[in-house]
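Q: Can you look at this prediction? I've put the sequence above it.
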Amino acid sequence: MPSSDSESYDQSVSAVHNRLFFRLFQAGNTLDRQSVKELGITTVQWATLGALSRAQAKTGMSFSDLADYLVVSRQSLDGVLKRLEREGHVERVVDPADRRAKKVVLLPAGQAFWSGMQPRIYEFYRQAVECFRFDDKVSLLHYINLLNQGMAKVDLGAEKPQETKE
């Protein structure tokens, strides 16, 4: 039975959506792999050190704010922080404003490590996007921002499928 033009269009759009999200998955995994291979740190460690090195985080960030900023689970962040603490890059300290809470602060050794990595990070960036024109980079950033906004609005309802074991 021949499909209608509408069904064919829907299948084509679904195929493009599937390919788009799969390519994003692959890009994320490639970034993870190359980060460890070329820089010696994971992308979450990289992002954590970067977040804590910002001027806005000079006095540290609450654990919750850091997890929200990085868009990672608390459990994942805890594991990353334990490793960065063992390496002397960060420390969790009592928040003077709320003694029940902890802040994550970048230690001087962590700042020195981060500063020392900057030339390699910028070279990583340069090589990764050398085939892009400046306008392409700006457009890609714009579209990634739109995609993140769209994903934040996704609501498939209360019923969720059973999780599968990996």
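A: Thanks, I have it.
Q: contacts and neighbour counts: CA atoms only from here.
A: Fine.
Q: Near residue 103, how many residues? Count them for me, please.
A: Neighbour count for residue 103, taken as other CA atoms under 10 Å: 21.
Q: Double-check that it belongs to a strand.
A: Yes - judged by DSSP: H, G, I helix; E, B strand; the rest coil, residue 103 forms part of a strand.
Q: What residues are bridge-paired with it?
A: On the basis of DSSP bridges, residue 103 is bridged to residue 62, residue 93.
Q: so how far is residue 89 from it?
A: Distance, residue 103 to residue 89, using CA to CA, to the nearest Å: 14 Å.
Q: Report the contact partners of the residue most central in space within the chain.
A: Ranked by distance to the mean C-alpha position of the chain (CA atoms, centre = their mean), the top residue is residue 70 at 5.7 Å. For residue 70, the contacting residues are 47, 48, 51, by CA atoms under 8 Å, 6 or more residues apart in numbering.
Q: got it, and residue 103?
A: Contacts for residue 103 (CA under 8 Å, 6+ apart) come out as 60, 61, 62, 63, 92, 93, 94, 95.
Q: Counting neighbours, what do you get for the first one?
A: The one in question is residue 60. 24.
Q: what mean pLDDT does the helix or strand hosting residue 143 have?
A: Under the criterion of DSSP states H and E, residue 143 resides in helix 134-152. Here helix 134-152 scores 96 as its mean pLDDT.
Q: Can you pull the poorly scored residue ranges out of the protein?
A: Applying pLDDT under 70 to the chain flags residues 1-4, 9, 160-166.
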